[in-house]
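[1] sequence first, predicted model second:
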Amino acid sequence: MAFIYENTVDPEAENNAHSSAINLVGHNKRVLEVGCATGYFTKALSERGCDVVAIEIDPDAAAKASQWAEKVVVGDLDAGTLWDELEGQEFDVVTFGDVLEHLRRPLDALRAAVRLLKPSGFVVISVPNIAHVDVRLTLLQGNFPYRATGLLDRTHIHFFTLQSLRAMIKDAGLVLTETRRVVVPVFMSELPVDRGCVNQSIVDTALEDPEAESYQFVVKAAKDDGALAVAELADRVTELSDQLHNEEVRTALLHQEIAALRQEIAAPSTGQAWAEAQAYRKQYEDLVNTKTFRTVAPLREIYGRLRRRS
């Protein structure tokens, strides 16, 4: 039987939600995996020395996952009754890997899971970002194309931005301690954005949001013990994490623009396009080693001029 959410987990993979999540979990933990599907993540946890109890709504998928889990509880999270089967148990980690967006009451499920954490325990969550730039551009074109998987999975009930995810985590009695992203550049998601119908100025405006190309958020959150110092430290960690992410995204965008511009300059057309390429070469050389976001807009402008002349 084929399962739509079956996947593989490579802990060394870059820019990947599964690798981020499993590395946040660590080794040798007692883990409650909420929404285990066929157990591909369960297997990876087990290989890292973790003892896993899992929850899954699909009985066939749960049966497959049971070979790597200590126990698989089969049931509907929204019903709320399956938590009774876990009463009295404690876990080092609870994971929600692309699960909360499928629930009618995600906050209730998160709160129930928090009650099963040890005092030193934490939660690892991944959710898709509904504010990804490709979703925004698709909406501007009058479309909201549900798909089998991805940002607009047709079984999604809740849609999250980073802000709404953080609010839910706080409401569940948790303190956010780490945020990671899976980045998918504009026009490179599974969504059918008609690139030729999008004005570059609109793209530039959308990309001013540093989270615009964040495809998924993968976060770690600890139990809030009420200590103000811990909360303030968590806020600072989150702030620094955001700053680092923003710089990484901006640098990646700059490298993309540089590569495209380098191609244009290396093999320009003849005549006026060639003359303009030479005129812009000095500007390109000045920009190529700059990593701040301020350089991205002028670089796009230079590239856009060359594209219009080609």
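    Arrived safely, thanks for sending. Residues are numbered from 1 along each chain as shown.

[2] could you list the low-pLDDT ranges of the stretch 1-150 of the chain?
    For the stretch 1-150 of the chain, the stretches with pLDDT under 70 are 1-6.

[3] mind redoing it with 80?
    Residues of the stretch 1-150 of the chain that meet the criterion pLDDT under 80 lie in 1-7.

[4] that one: helices as residue ranges?
    Using DSSP state H, counting those that start in this stretch, the helices of the stretch 1-150 of the chain run over residues 17-25, 40-47, 59-65, 106-114, 133-140.

[5] now tabulate those helices in TSV and tack on mean neighbour count and distance to residue 87.
    All C-beta spots, glycine's among them, are computed from the backbone N, C-alpha and C. Putting those into TSV (neighbours: other Cβ atoms under 10 Å; distance: least, Cβ to Cβ, whole Å) gives the following:
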stretch	mean neighbour count	distance to residue 87
helix 17-25	22	23
helix 40-47	21	22
helix 59-65	18	20
helix 106-114	20	11
helix 133-140	20	40
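
[6] pop out the phi and psi values for the spatially most central residue of the chain.
    With the centre of the chain defined as its mean C-alpha position, the nearest residue by Cα atoms, centre = their mean is residue 216, 1.4 Å away. Torsion angles at residue 216 (phi, psi; degrees, to the nearest 10) stand at phi -140, psi 150.

[7] same question for residue 211.
    Main-chain torsions, residue 211, degrees, to the nearest 10: phi -100, psi 10.

[8] extract the CA atoms of stretch 112-131 and return them as PDB.
    The C-alpha trace of stretch 112-131 is given here as PDB (Å, rounded to 0.1, in the frame of the first residue of the first chain):
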ATOM      1  CA  ALA A 112      -2.400  17.800  26.200                       C
ATOM      2  CA  ALA A 113       1.100  16.800  25.000                       C
ATOM      3  CA  VAL A 114       2.800  19.400  27.300                       C
ATOM      4  CA  ARG A 115       1.200  17.700  30.300                       C
ATOM      5  CA  LEU A 116       3.100  14.500  29.400                       C
ATOM      6  CA  LEU A 117       6.500  16.200  29.400                       C
ATOM      7  CA  LYS A 118       9.100  15.800  32.100                       C
ATOM      8  CA  PRO A 119      10.000  19.000  33.800                       C
ATOM      9  CA  SER A 120      13.100  19.300  31.600                       C
ATOM     10  CA  GLY A 121      11.200  18.200  28.500                       C
ATOM     11  CA  PHE A 122      10.600  20.000  25.300                       C
ATOM     12  CA  VAL A 123       8.500  20.000  22.100                       C
ATOM     13  CA  VAL A 124       9.700  19.900  18.500                       C
ATOM     14  CA  ILE A 125       7.200  21.200  15.900                       C
ATOM     15  CA  SER A 126       7.300  21.700  12.200                       C
ATOM     16  CA  VAL A 127       4.600  23.500  10.200                       C
ATOM     17  CA  PRO A 128       4.400  25.000   6.700                       C
ATOM     18  CA  ASN A 129       4.400  28.800   6.300                       C
ATOM     19  CA  ILE A 130       1.200  30.000   4.700                       C
ATOM     20  CA  ALA A 131       2.800  33.400   4.100                       C
END
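
[9] one step back: want to throw the helices of the stretch 1-150 of the chain into a markdown table with distance to residue 220?
    Below are the helices of the stretch 1-150 of the chain laid out as a markdown table (distance: least, Cβ to Cβ, whole Å):
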| stretch | distance to residue 220 |
| --- | --- |
| helix 17-25 | 5 |
| helix 40-47 | 15 |
| helix 59-65 | 23 |
| helix 106-114 | 13 |
| helix 133-140 | 25 |
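
[10] in stretch 7-16, what's buried?
    Buried residues in stretch 7-16, defined by neighbour count with 16 or more other Cβ atoms under 10 Å: 9, 16.

[11] quick one: contacts for residue 36?
    42, 52, 54-56, 61-62, 65, 69, 72 (Cβ atoms under 8 Å, 6 or more residues apart in numbering).

[12] now for those residues: which two are most distant?
    Longest distance between any two of these is 14.6 Å, between 52 and 61; criterion Cβ to Cβ.

[13] residues in contact with residue 144?
    138, 152.

[14] if I look at it, how far off is residue 36?
    Plainly put, residue 144 is 30 Å away from residue 36 if you go by Cβ to Cβ, to the nearest Å.

[15] for the nearest residue to the residue nearest to the centre of the chain once chain neighbours are set aside, grab the count of nearby residues.
    Nearest residue to residue 216 in three dimensions, chain neighbours excluded: residue 182, at 4.1 Å (Cβ to Cβ, 6 or more residues apart in numbering). Residue 182: 20 surrounding residues under other Cβ atoms under 10 Å.
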